[in-house]
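Visitor: only geometry, no sequence info:
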DNA sequence: CACTTGACCTGTCCGC
DNA sequence: TGCGGACAGGTCAAGT
């Protein structure tokens, strides 16, 4: 669920909240798997270090520390990173807060800062993870070496976009969009949304897509992701930002989770099918 | 090498 | 009301 716009929203929130805070304690609740290399390194390179920056690459969050180590975090499907100030517990949450008192039963890892504030890593389905590693080694992990370019970077060109898809000529366009080695950060929501915007049927083979259609898709993907960031991401079930609040992109979605509703472009009924191993939403009338 | 499928988990929903 | 099964979807390993 957290895709590029959701992870970027969390990043922006944490970038406002964390830098300068000193980690005083870090511990896991119930699930050692969420923080598998929590070991001697934690004591030496995490405790008493200050957060210096919060970065993002694809769907991965990077919290840099003054020790020259980095917390590398993947939220996968149900991960949340929620910050709570020393006194912001319990009652008084804004109406759009999705979660209440923390820790809750999905809390896996807790980071405590010297000023009494805390960062909670929650993850219902336990697919997400936190790893601590030297900052200089982050670019060397397999995922970082394979992952494609950031689609919202100013220098990401249409020519580059088309070029990246050539390696997946014989698969369908939706599977290729979801492939992180082609373009970084696209998941199920924005794949369906951008294909609708470009009027492309998700089942089409990549090699059948024309230059003009790639042009449309390139623009739609960037537009839809920029809009989603502006709306604070999509909250379908679990996703919340760094303050525990929902995102509102789902109010603007054209096809995702809108099966049986009218296509906003042609009025035909939107359908949901199983494709590329995913629930896939489309309008068969205007996506060809 | 290109491509597809299943596994990893838990909570929720649907049909009987 | 209880219960089994399908489903949710990011990534990687294992399969064809």
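Guide: That came through fine. Remember, predicted model here, so these are calculated numbers, not experimental data.

Visitor: tell me how many other residues crowd residue A:35.
Guide: 21 (other C-beta atoms under 10 Å). For the C-beta atoms, the positions are set from N, CA and C on the backbone; glycine is no exception.

Visitor: just for chain A, where's the confidence low?
Guide: Scanning chain A for pLDDT under 70 picks out A:31-32, A:37-39, A:87-96.

Visitor: and the residue of it nearest DNA strand C?
Guide: Proximity of chain A to DNA strand C (C-beta to the nearest atom of the strand) peaks at residue A:187, 2.7 Å away.

Visitor: how many neighbours does that residue have?
Guide: Neighbour count of residue A:187, defined by other C-beta under 10 Å: 21.

Visitor: how about residue A:214?
Guide: Using other C-beta under 10 Å, residue A:214 has 20 other residues around it.

Visitor: go on, residue A:20?
Guide: Residues lying near residue A:20 (other C-beta under 10 Å) number 11.

Visitor: so who does residue A:193 touch?
Guide: Residue A:193 is in contact with A:220, A:224, A:253-256, counting by C-beta atoms under 8 Å, 6 or more residues apart in numbering.

Visitor: go with 7 Å
Guide: Each residue near residue A:193 by C-beta atoms under 7 Å, 6 or more residues apart in numbering is listed here: A:224, A:253-256.

Visitor: what residues go with each domain of chain A?
Guide: A:4-141, A:158-282 (automatic domain parsing).

Visitor: do the longest one and DNA strand B meet at all?
Guide: Meaning domain A:4-141. Yes. Judged by C-beta under 7 Å from any atom of the strand, domain A:4-141 and DNA strand B are in contact via A:33, A:105-106, A:124-127.

Visitor: nearest to DNA strand B among the residues you listed?
Guide: For the residues of domain A:4-141 next to DNA strand B, the nearest to DNA strand B is residue A:125 (3.4 Å; C-beta to the nearest atom of the strand).

Visitor: just say helix, strand or coil for that closest one.
Guide: In three-state terms, and counting by DSSP: H, G, I helix; E, B strand; the rest coil, residue A:125 is coil.

Visitor: can you give me the strands for the stretch 101-250 of chain A?
Guide: For the stretch 101-250 of chain A, the strands defined by DSSP state E, counting those that start in this stretch cover A:107-113, A:118-123, A:129-134.

Visitor: and among the ones you listed, the most buried is which?
Guide: Counting by mean count of other C-beta atoms under 10 Å, strand A:118-123 has the highest mean neighbour count of these, with a mean of 24.

Visitor: next, the residues that contact it from outside, please.
Guide: A:34, A:78-84, A:102-104, A:106-112, A:130.

Visitor: and DNA strand C, is it touching that?
Guide: No. Strand A:118-123 does not reach DNA strand C (C-beta under 7 Å from any atom of the strand); its nearest approach is 10.9 Å.

Visitor: stretch A:239-247 near DNA strand C at all?
Guide: No. Figure legend: stretch A:239-247 not in contact with DNA strand C (C-beta under 7 Å from any atom of the strand); closest approach 9.8 Å.

Visitor: quote the end-to-end distance of that stretch.
Guide: Using C-alpha to C-alpha, to the nearest Å, one end of stretch A:239-247 lies 8 Å from the other.

Visitor: mind listing the helices for the stretch 151-288 of chain A?
Guide: A:158-165, A:173-178, A:188-197, A:211-230 (DSSP state H, counting those that start in this stretch).

Visitor: pretty sure residue A:197 contacts residue A:220?
Guide: Yes. Using C-beta atoms under 7 Å, residue A:197 is in contact with residue A:220, at 3.4 Å.

Visitor: can you count the residues close to the nearest residue to residue A:285 once chain neighbours are set aside?
Guide: Using C-beta to C-beta, 6 or more residues apart in numbering and skipping the chain neighbours, the partner closest in space to residue A:285 is residue A:268 (3.8 Å). When neighbours are counted by other C-beta under 10 Å, residue A:268 registers 13.
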